[in-house]
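[1] here is a sequence together with a model predicted from it:
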Amino acid sequence: MTLAFQGIGIAPACSIALGPAFIDARGRVGAAHSSISSEQVPAEIARFDLAVTAARRALQRVRAQIPRNTPVKVAEFIDAHLLMLEDAALVDEVRRIVADERCNAEWALQIHGDTLVEVFEQMDDPYLRTRRDDIEHVVHQIQTHLRDDAPHTRLEEQDLQGVVVVARDLTPADAILLKHRGAAAFVTEFGGPMSHTAILARSLGVPAVMGIHEITRYLRSGEPLVVDGETGTVLAKADESTLEYYRQRLRAIEARQRRLRDIVDQPAKTRNGVLISLQANLELPEDVDIARANGISGVGLYRTEFLYMNRKDLPDEAEHLATYAALVADLDGIPLTIRTLDLGIDKRADGLSACGSGACNPALGLRALRLCLKEPALFRPQLRAILRAAALGPVRLMLPLVTNVQEIDTVLALLAELKRELHAQGLAYDDDLPVGAMIEVPAAALAARAIARRVDFLSIGTNDLAQYTLAVDRLDDSVNYLFDPIHPAILRLIRMIIDAGNGAGIAVSMCGEMAGDTRFTRLLLGMGLREFSMQPGAILDVKEILLQVDTEDLQRRTARLFTHLDDTHPARLLDTLNQD
Ligand code: PEP
Ligand code: MG
C-alpha cells in the first residue's frame, strides 16, 4: 500500500524526483535503523562502549566543575546519571540487541531506552515516574557521542548519487553538498520555503519537500521514494500506476522546458514594448551556466556566503578576488551584483563563531551588514576584492539588511578609505563602483527615500522583508502559513520602495523569492517593477508571462487593486489580475 506524507513543496518547477531513500541520522532526536552484518557486530558493540565511556567522562567533567556552594541535589542528579551509565540493565541490553538483531547501536539504544521509559511511566509512585526524564537524558548523552563518530551518518562520506536524502534538518551548506554529490532530492522534518536551504534547493534545481515532522522515523534507507516538490507530497511504497503517473508528469515537465527554450533569444519586452530586465540570483559560481543559457541581462544577487561554508577557515582577499574575477570572466560583460557577506542564523559558517547564534534572537541580532561593520577584518578583504574585481568588468556592490542611513554612510566612508589604500598600492580598482542597498527591513522600507539619496540602486529582499514585517520566522514551518508576500502591509512597503527609487531616479530591482514566482509577475509589473532577479530556473517562466502582457493595462488594474486592499483579500484580487 502506498504511504503518503504531506509537507511543504519547495521547488515549483521541475520538481519531481524518484529515488531510493537515504536517511540522514545526524541531528535526530530518535535514531535511524540500519542493518549490519554479523562480522560488524563486535565493532558496533565496541563503538557503543566507547560512546558510553565518552558520555561518562563528560558527566564526570561536569561533576568536577560543580561550584562548592551548589545545592547537593545537583551533584546527586549527575551521580544518578553516572550510575545509569554503568547499569547492566541499560548497557548490556543494548549490546544484546545489537548482536541479536544485527542493527546499529543508535537504533538498539533508542528502542531499549523507549522500553525503559515506558516502564517508568507506568509506575504509580509520582517520584519514580519523573525518573523517566533521567533515562531520556542518559540515552541522549550516549546518542550524541555515537553520532559524533558514526561513519554511516556523515553526509560527506556517502555516495548520494540518485538518492533522496531524508533528514531532520539540512543547512544551506548541506544542500550544496547534496547537489555536488548528485542527490536526486531531499526531504526534511523542519524548515520553511523561505529558509535559505529551500532557496538553494530551488536555485540548484533540487526537488525538495520540507516540514514533514517525524518522517525519518517512518522510512528506511534504500526504500524507493517519490518526491513531489510542487505539491509537497512524498510517497513510499508507491504502486506501479502511481509511479507511472509521476513518470508521465516528469516527461510533461521536460517537454515544457524544451518549449520554453524557444523564447530564450527573444528580447524580454512586454506587448507594449517595455523592456524588462531579467536577472539571476546566483548561489554558486557554477550556476552561471544555467543563468546564461536562460538569457539573463545581469546577475542581480550573487550571494557570497557560500565562500564561507563547508570549511574551517575564512577566505582572504585573494580568494574573494579570484572567485569574483572568474565569475566576471564567465559573465563576459553581463553585469554582476555582488552582495556582501550575509551570514546569520540561517546561513552559518564553521570558520565564524560570531554570527549572532548565541544571541536571544539571532534573526534580530548581529548578522549580515551589522556583523561586517563590527568585524572590519572580515569586511575589508571582501570590499577590497569587490573594488578590484570591478576593474575587470561591470560589477556592483550590494549591502544586505540595511537598517538605517548611518550604516550606508559608514560603508561609503570605508570604501573611500579602501580606494585610497588600493591607489597607494598601485592596484587597479573601480573608482565608480555602484553601491546599492537591499531593502529587507521594514524600517528601511519606510525610510527608503533617505536611503535612495545615498545609493546607486535599491533591491527589494522580500524574503526578509516579509519575515520582519509579519514577524514570521523564515525557518519555522509551524508559522509558515502566515508567510504571505501579498499581505497588504508588504504590498504597501514594496510600492513605497519602488516610488522611493523612482523619485531618486535610481534603479529598483527585486531579488527576493517573490520576483521568481509567476503568481506575482503581473502584480509586480503593475506596481512598476522593471528589474526582476530570481533563481535561474524561473527566468523563462517569468519571461513567458511578460511577453504576453501590457504594462499600462497592468498598472491601471493594479492601481484599482490597491484601492480594494482593505476590503478584499489580496489573493482574490490577484486571481482577477492573473486571469486574463
Ligand atoms: C531576501 O531576504 O529577500 C534576500 C534576497 O536575501 P536572503 O534570502 O539571502 O536573505
Ligand atoms: Mg535577506
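    Yep, that arrived. Ligands and ions are numbered 1, 2, ... in the order given.

[2] please identify the helix or strand for residue 433.
    Per DSSP states H and E: residue 433 is located in neither a helix nor a strand.

[3] ok, it - how many residues close by?
    Neighbours of residue 433 under the rule other C-beta atoms under 10 Å: 20. Every residue, glycine included, has its C-beta placed from N, CA and C.

[4] contacting residues for it?
    Contacts for residue 433 (C-beta atoms under 8 Å, 6 or more residues apart in numbering) come out as 386, 387, 390, 395, 396, 397, 415.

[5] residue 389 too?
    Residue 389 touches 320, 321, 324, 325, 328, 338, 395, counting by C-beta under 8 Å, 6+ apart.

[6] skip the chain neighbours and tell me the closest residue to it.
    Computed as C-beta to C-beta, 6 or more residues apart in numbering, the closest residue to residue 389 that is not its neighbour in sequence is residue 324, at 3.6 Å.

[7] now that neighbour. Its backbone dihedrals?
    Dihedral pair for residue 324: phi -70, psi -40, per degrees, to the nearest 10.

[8] now the contacts of residue 433 as CSV including pLDDT, neighbour count and distance to ligand 2?
    Formatted as CSV, the contacts of residue 433 follow (pLDDT from 0 to 100; neighbours: other C-beta atoms under 10 Å; distance: C-beta to the ion, whole Å):
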residue, pLDDT, neighbour count, distance to ligand 2
386, 98, 27, 18
387, 98, 23, 23
390, 98, 23, 23
395, 98, 25, 20
396, 98, 24, 17
397, 98, 23, 16
415, 98, 18, 21
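
[9] show me the helices in the stretch 151-300 of the chain, by range?
    Using DSSP state H, counting those that start in this stretch, the helices found in the stretch 151-300 of the chain span residues 172-180, 196-204, 215-218, 240-260, 288-293.

[10] by contact count, what packs against the last one?
    This means helix 288-293. strand 277-282, helix 317-331 (3 or more C-beta pairs under 8 Å, 6 or more residues apart in numbering; DSSP states H and E).

[11] can I get the ones you listed in a markdown table with distance to ligand 2 and mean pLDDT?
    Below are the helices and strands packed on helix 288-293 laid out as a markdown table (distance: least, C-beta to the ion, whole Å; pLDDT from 0 to 100):
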| stretch | distance to ligand 2 | mean pLDDT |
| --- | --- | --- |
| strand 277-282 | 11 | 97 |
| helix 317-331 | 20 | 97 |
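
[12] most tightly surrounded among those?
    Among the helices and strands packed on helix 288-293, the stretch with the highest mean neighbour count (mean count of other C-beta atoms under 10 Å) is strand 277-282, at a mean of 26.

[13] tell me the angle it makes with helix 196-204.
    120 degrees (axes from the mean of the first three to the mean of the last three C-alpha atoms, to 10 degrees).

[14] strands paired with strand 277-282, and their directions?
    Partners of strand 277-282 in the sheet, by DSSP bridges, are strand 298-303 (parallel), strand 531-534 (parallel).

[15] which stretch among those strands comes nearest ligand 1?
    Relative to ligand 1, the nearest member of these by C-beta to the nearest ligand atom is strand 298-303, separated by 5.6 Å.

[16] give the rounded mean pLDDT of the closest one.
    For strand 298-303, mean pLDDT rounds to 97.

[17] could you do stretch 425-442 as well?
    The pLDDT scores in stretch 425-442 average 98.

[18] buried residues in it?
    For stretch 425-442, the neighbour count (16 or more other C-beta atoms under 10 Å) marks 429, 430, 433, 434, 435, 436, 437, 438, 439, 440, 441, 442 as buried.

[19] what is the nearest of those to residue 10?
    Set against residue 10, the nearest of those by C-beta to C-beta is residue 440 (20.5 Å).

[20] so the closest one versus ligand 1, what's the distance?
    Applying C-beta to the nearest ligand atom, to the nearest Å, the value for residue 440 to ligand 1 is 5 Å.

[21] do residue 496 as well
    16 Å.

[22] which element is that residue on?
    Residue 496 belongs to helix 488-504, assigned by DSSP H and E.

[23] off-centre distance for stretch 496-507?
    Relative to the centre of its chain, stretch 496-507 is centred 29 Å away, using C-alpha atoms, centre = their mean, to the nearest Å.

[24] can you give me how far the worst-scoring helix or strand of the chain on mean pLDDT is from the chain middle?
    In the chain, no helix or strand scores lower on mean pLDDT, DSSP states H and E than helix 126-130, which sits at a mean of 70. On the basis of C-alpha atoms, centre = their mean, helix 126-130 sits 42 Å off its chain's mean C-alpha point.

[25] with stretch 224-242 instead?
    23 Å.

[26] how about stretch 369-377?
    Computed by C-alpha atoms, centre = their mean, the chain-centroid distance of stretch 369-377 equals 22 Å.

[27] hang on, the earlier thing: who are the packing partners of the least confident helix or strand of the chain?
    Taking 3+ C-beta pairs under 8 Å, 6+ apart as the contact cut, helix 126-130 packs with helix 105-121.

[28] re the thing from before, closest one to ligand 2 among the helices of the stretch 151-300 of the chain?
    Judged by C-beta to the ion, the one of the helices of the stretch 151-300 of the chain that comes nearest to ligand 2 is helix 196-204, at 8.7 Å.

[29] re the thing from before, please identify which of the helices and strands packed on helix 288-293 is closest to residue 574.
    strand 277-282 (21.0 Å).

[30] related to what we said a few turns ago, I'd like the strands paired with strand 277-282 laid out as CSV, including mean neighbour count and distance to ligand 1.
    What follows is the strands paired with strand 277-282, written out as CSV (neighbours: other C-beta atoms under 10 Å; distance: least, C-beta to the nearest ligand atom, whole Å):
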stretch, mean neighbour count, distance to ligand 1
strand 298-303, 26, 6
strand 531-534, 26, 8
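
[31] among those strands, which is nearest residue 4?
    strand 531-534 (30.7 Å).

[32] check the offset of the helix or strand just after that closest one from the chain's centre.
    On the C-terminal side of strand 531-534, the nearest following helix or strand under DSSP H and E is helix 539-546. Distance of helix 539-546 from the chain centroid (C-alpha atoms, centre = their mean) equals 24 Å.
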